[in-house]
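Novice: Sequence first, then the predicted structure:
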Number of protein chains: 2
Amino acid sequence: MKYLDKLIDRIIRRVNANLRKPLLDVSPYVHGLIPSESHAQYYAFYSLDCERTNLFRFEGSSLAGTYFLGKCEVLDSVLYKSDIRGDELKKKGDKVDIAGITIPLREDEKFHIRDSFLMKTLVHCHAKDPQNPELFKIHNTVALHFSNIHGTSLNGVFLAPFATIDLSVAHDCALGEFSYVQAGEMLHTRIDPGRVWVKAEGAFEWNYQYPKEALAEYINMDDKGRPSGVFMDFLDERKEDFVPVYATVAFEHDLDVPENSKVSPYAMIKGDVTVGENVLVAQRSWIEDSYLGKGANAQEHCYIINSHYEGNNVTAHGGKVINCRMGTNTFVGFNSFLRGLEKSPVEVGNGCIVMPHTIIDATEPISIPEDHLVWGLIKTAADLDTHSMSLSDFAKLKGQFQLGNMTFEGIGAKFVEGFGHRIEHILELNGAFYDGNGENSGHAQNNRRVSYNILMPFTQGDRQGLFPSLSIAPFVPTDD
Amino acid sequence: MKYLDKLIDRIIRRVNANLRKPLLDVSPYVHGLIPSESHAQYYAFYSLDCERTNLFRFEGSSLAGTYFLGKCEVLDSVLYKSDIRGDELKKKGDKVDIAGITIPLREDEKFHIRDSFLMKTLVHCHAKDPQNPELFKIHNTVALHFSNIHGTSLNGVFLAPFATIDLSVAHDCALGEFSYVQAGEMLHTRIDPGRVWVKAEGAFEWNYQYPKEALAEYINMDDKGRPSGVFMDFLDERKEDFVPVYATVAFEHDLDVPENSKVSPYAMIKGDVTVGENVLVAQRSWIEDSYLGKGANAQEHCYIINSHYEGNNVTAHGGKVINCRMGTNTFVGFNSFLRGLEKSPVEVGNGCIVMPHTIIDATEPISIPEDHLVWGLIKTAADLDTHSMSLSDFAKLKGQFQLGNMTFEGIGAKFVEGFGHRIEHILELNGAFYDGNGENSGHAQNNRRVSYNILMPFTQGDRQGLFPSLSIAPFVPTDD
């Protein structure tokens, strides 16, 4: 274990050196967080795709339980049960538009993770970094339980549990637990726990702040930097169930999966589950006694339990949907937690947008009308008054607006339109619109062809918990 | 599948170009031998050891179902369900004595497999090649079902099913089915099926020739180059049973294994099995309703069924022992087939040496006295008269000797002594003499610390059945 301890120390020092400005010491959060033997216990796995170019390079790192898809380099880092999913990385020749300047990519984009510590973190999409269009960079970063790094290059960043950073670039920032940020470029910024912040330069800015005490019921950090609350209890109760799934090379679910849908062998399927056409169920998601209609998707760390998805539903990474009836074209954002009563599901109307990091924890029947925007903390039907609005009303907003703990400034139409486009784009990328004949294929179809490769760490000695240096390059056929 | 077909064609042409002198066309043996989808169906796996330096490089190859342990490079080759086991490769600094000249190795020895086709082949030990002491070379070679390449560098060699080449160097040679050769350097030589040939330059030469028709019952090649007979039937009947073992990342046997013994998760354990101290059960061996006493070992492709091993027993690669009682310190050579009657096991006395490629297929009770050498084809007790001799009598031989189909020339004492040393050395390497406190540890103890890594081929498209380029290097700790 000697070298792994050294590696963790080195990462802490580098991250702290970056975080001198938000003045955060990541040391207590990281030290002793993962029982040291666990680093040596779990295998990493990477997905091999016969049509994509594969490139993986792992050096001086610990990768226990981590999943890799797409081009990726990991150097001097500790990744633990994380998902590094590169099926939306940009390609060589793609054109990137930055402030009106068009830049064609000189090579495929790749993840480049260095001197970082990621614990149960989801990394996905492609980076929005204008300085490094070919690089999805995660350097000098600590990201904790169920945090999401989505389309964001990071250098010197701390993400507390359940924090999400989305479509941004961040240097030397610290995000509190369950905060969500989509804010372009950020430098030496500290984000409070439970803040939901969406900002589009020159168009709008959205803010919601969870009341501190109410949030603590769901996610609370003790003075040793350890999380507790409803979210952790919910996840901890279920984590052992994944063990047999991960003990098998390619677990076969006892489930009928249509030809154009993909259910990862590393997902958990329980009880009576129906999967429609063009459905994507990603690895490390959990589907139990639920119906997923055509074009629905369940991304990493999603839990869909006793729920009905009518079709074209997006459940973003970490979304939990329990006892719900979701109409068509609903969107549930990152790490949202929707829990209806067992006998009276939360009803979410067609076309509704549930903002990232929303909590709907029903204590009574709740029904959300069609085409509504929903946010914040909702426990009763009355809470909807201050935590939802019809999209058409929202689109009419101009200037400053406040409703409960939510403030909005700018042009509502741009917000609604931008969100709509993004959801459409997510459905498209996930293969919801596949026509069955090769047109509009997405992850649901393309990820069917992958195979899985399994890597083990050293199990004993000084190098315990570390992985050997490993590089995987494309097969290059020679001439005959 | 396009590139795999090209690769197989290329290998055939290169091997045939080498075999121009023994005039053998390997094409019918190789073409169509393995259903093409099977190359894309099975994973390869390599074993990672925290104390050994690991180096693997795979390029332009198909590796389905193959196991790797120890330094290895595989280039432009097709390996199918083979075992490339490098836990006895020489180390940097080791001194090699060649014709009285001492050469210290400049680097660790490694396997170097190029332009070759290995099917269910066992490659093990370290090479005896004076020209390349750091290289266990297998080039331009086709090796078929259950052949063994043991301590032998090959360039341009064909091994028919169940052939073994041991402790030699071979250039442009063809070995018939079930032939065994241990003969120093060989050039442009063709070995008949069923010939067992052991030669030590200046000391002795042993030969046994199986009668053609009698051999055909056990192994026969049809005019399309496909094997049949008792051996293939025996193996084919059992091969499906391995499927669940290989479908699990690290299969856990329901078996008490003493702390100083190793039972590979990739072995098959059936029925009532007892494993004593210092026992090694290698991957791809099969133990059923048997007792393995202290220091016994079962190497790759061994089948031990309804048998009792008293202790310090060697069963070399491919040995099959059914309904037998083995005394202490018995040796069963490569690919031997011992089958007693269910109610009357073959009894093999203490200290007996069963020569490689021996068949004892009892039609009546057979008992072999202590300290005997046994060879050839034995079906009745009377057959022992012409197929066994006490080791002490054998040690007295000088000059020429013939008994049945066996001829011996040279000094019997050197043969007996050499064999005795080798068996002792095998037991030592396998850990049979471990004292429980760290002294005399061997594979049984050292292989406990390995972990397994799993590689998948491309499952579809032009590259179907091929593996990406992959290299694995040691973890190199950086300074703090």
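Specialist: Looks like it arrived, so ask away.
Novice: okay, CA-based contacts and neighbour counts for the rest of this
Specialist: OK.
Novice: residues near A:P104, how many?
Specialist: 15 (other CA atoms under 10 Å in any protein chain shown).
Novice: quick one: it from chain B, how far?
Specialist: 28 Å (CA to the nearest CA, to the nearest Å).
Novice: Just give the closest residue to A:V374, not the sequence neighbours.
Specialist: Nearest residue to A:V374, sequence neighbours excluded (CA to CA, 6 or more residues apart in numbering or on different chains): A:S388, at 4.3 Å.
Novice: next one: A:G271
Specialist: Using CA to CA, 6+ apart and skipping the chain neighbours, the partner closest in space to A:G271 is A:D289 (4.9 Å).
Novice: A:L7 and A:L79 touch, don't they?
Specialist: No - contact criterion CA atoms under 8 Å: A:L7 and A:L79 do not qualify, at 11.7 Å.
Novice: the more surrounded of those two?
Specialist: Legend: neighbour count by other CA under 10 Å for A:L7 and A:L79, higher for A:L79 (27 against 24).
Novice: what residues are up against the residue nearest to the spatial centre of chain A?
Specialist: Taking CA atoms, centre = their mean as the criterion, A:H317 is the residue nearest the geometric centre of chain A, at 3.7 Å. Applying CA atoms under 8 Å, 6 or more residues apart in numbering or on different chains to A:H317 gives the contacts A:122, A:148, A:298-302, A:333-335.
Novice: if you set the cut-off to 6 Å instead, what comes out?
Specialist: For A:H317, the contact set (CA atoms under 6 Å, 6 or more residues apart in numbering or on different chains) comprises A:299-301, A:334.
Novice: what's the answer for A:G431, then?
Specialist: A:278, A:441-444.
Novice: Repeat that for A:L118.
Specialist: A:79, A:142-143.
Novice: Dump the residues you listed to a markdown table, plus secondary structure and distance to A:K95.
Specialist: Shown next, in a markdown table, are these (DSSP: H, G, I helix; E, B strand; the rest coil; distance: CA to CA, whole Å):
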| residue | secondary structure | distance to A:K95 |
| --- | --- | --- |
| A:L79 | strand | 31 |
| A:V142 | strand | 31 |
| A:A143 | strand | 30 |
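Novice: from the residues you listed, which is closest to chain B?
Specialist: A:L79 (15.9 Å; CA to the nearest CA).
Novice: and the closest one, what are its bridge partners?
Specialist: A:L118 (DSSP bridges).
Novice: Would you confirm that it contacts A:S61?
Specialist: No - using CA atoms under 6 Å as the test, A:L79 is too far from A:S61 to be in contact (7.7 Å).
Novice: Show me which residues of the stretch 151-300 of chain A sit near chain B.
Specialist: Contact residues (CA under 6 Å from any CA of the partner chain) of the stretch 151-300 of chain A with chain B: A:247-249.
Novice: Name the member of those residues with the most neighbours.
Specialist: A:V249 (22 neighbours).
Novice: Show the contacting residues for that one.
Specialist: Per CA under 6 Å, 6+ apart, neighbours of A:V249: B:247-249.
Novice: okay, those in JSON lines with pLDDT and secondary structure next?
Specialist: Output for the contacts of A:V249, formatted as JSON lines (pLDDT from 0 to 100; DSSP: H, G, I helix; E, B strand; the rest coil):
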{"residue": "B:A247", "pLDDT": "76", "secondary structure": "coil"}
{"residue": "B:T248", "pLDDT": "75", "secondary structure": "strand"}
{"residue": "B:V249", "pLDDT": "72", "secondary structure": "coil"}
